[in-house]
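Visitor: okay, structure incoming, though there's no sequence with it:
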Ligand code: AMP
Ligand code: TRP
């Protein structure tokens, strides 16, 4: 297999809902910061957005919104391939083939599936797509011969499953796929809810003060941070045991790139009020130019459509030969 000169990365984000600070700090910001180190492919995974009940008009709107968000945070479509998953049919096709070599037991053991299906008391409402979610994700990744998959902590298990699926395929049908590695950064890989630091920040939660969304107005950002849960101790330290404070400090650290020591020194003798005020200022200032670009991208839907179409063409050009290799390996060609 010929490999690109720089290691290839692939990652994806679901379009369901608006991106939050966890998505941004745990995944997107790093995709942007490392654009020149890798041969990058990034995808809005709209087919994954169908695994739980969804509304077609919303799916359409949110897919474009997430595409615009990725551009707004700084992914440069000249330095990466950026596209919507459903525009490249090979994802669904490869997913089917991988389904046929993936044991159901592997899927039933996935934490995300167990969590999501546990929340749904009526089994008749859990779709086969939800169980199959990680197989589609495996198809996304190995369809591009990706070496590295930069994700937040919550996706590590899915990338490991991808490795197992790719390795099994290679064993059964001969060397066909690159076996990828997850890459999870140290700080920010798991941003927690502001109201409750035992739950991760997420798009789908109804708790109004849990998540800061990329498109939140400054007032909303300030309010959520002011109300964030902390503890009754005083000194400001990076202590994972003090989960609420640790989360706020982590957000500040990843946004400012200051060292933990420098941050702790800055808050010697100061209180949570000071920290929260500074953090709110930092988040508002960091998001302002992103929000500005987002608004301008959304105001020009034709340009956005053109960029999506161009991304899909470039992605398909990479995916097609890999799919041809797969068809041959399994006897479909
Ligand atoms: P999703 O919104 O589930 O499609 O996730 C998109 C990316 O954001 C994935 O790489 C996730 O691992 C990452 N991510 C989601 N939630 C968080 C969080 N609370 N903290 C850090 N990373 C996250
Ligand atoms: N499951 C990932 C998430 O929820 C999104 C995703 C889909 C993805 N396909 C992918 C991430 C491929 C990395 C690589 O975050």
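Guide: Right, received. Where do you want to start? Note that the structure is a prediction, hence the values are computed from the model and not measured. Ligands and ions are numbered 1, 2, ... in the order given.

Visitor: pull out the buried positions in stretch 229-239.
Guide: By 16 or more other CB atoms under 10 Å, the buried positions in stretch 229-239 come out as 229-230, 236-237. C-betas here are computed from N, CA, C, even on glycine.

Visitor: residues of the stretch 151-300 of the chain that sit close to ligand 2?
Guide: Residues of the stretch 151-300 of the chain found near ligand 2 (CB under 6 Å from any ligand atom) are 151, 155, 158.

Visitor: hmm, which of those residues are the buried ones?
Guide: When these are checked for burial by 16+ other CB under 10 Å, the buried set is 151, 155, 158.

Visitor: out of those, which touch ligand 1?
Guide: Within the set of those, contact with ligand 1 (CB under 6 Å from any ligand atom) is found for 151, 155.

Visitor: keep only those of the buried ones among the residues of the stretch 151-300 of the chain next to ligand 2 that are in helices.
Guide: Mapping those onto helices (DSSP state H) picks out residue 158.

Visitor: can you name the residue of the stretch 1-150 of the chain nearest to ligand 2?
Guide: residue 12 (3.2 Å; CB to the nearest ligand atom).

Visitor: in a strand, that residue, correct?
Guide: Yes: under DSSP: H, G, I helix; E, B strand; the rest coil, residue 12 sits within a strand.

Visitor: go ahead and confirm it touches residue 48.
Guide: Yes: between residue 12 and residue 48 there is a contact under CB atoms under 8 Å: 7.3 Å.

Visitor: quickly list what's touching both of the two.
Guide: Counting by CB atoms under 8 Å, 6 or more residues apart in numbering, the common neighbours of residue 12 and residue 48 are 85, 137.

Visitor: and the strands in the stretch 1-150 of the chain?
Guide: Using DSSP state E, counting those that start in this stretch, the strands found in the stretch 1-150 of the chain span residues 8-13, 39-44, 80-84, 148-150.

Visitor: need the residues that contact the third one.
Guide: Strand 80-84 is contacted from outside by 31, 35, 40-44, 46, 63, 67, 70-71, 75, 307-308, 311-312, 314-315, 318, using CB under 8 Å, 6+ apart.

Visitor: in helices only, show me the residues you listed.
Guide: Members of the contacts of strand 80-84 lying in helices (criterion: DSSP H): 31, 63, 67, 70-71, 307-308, 311-312, 314-315, 318.

Visitor: of these - the most surrounded one?
Guide: In terms of neighbours by other CB atoms under 10 Å, the ones in helices among the contacts of strand 80-84 top out with residue 67 at 28 neighbours.

Visitor: lovely, talk soon.
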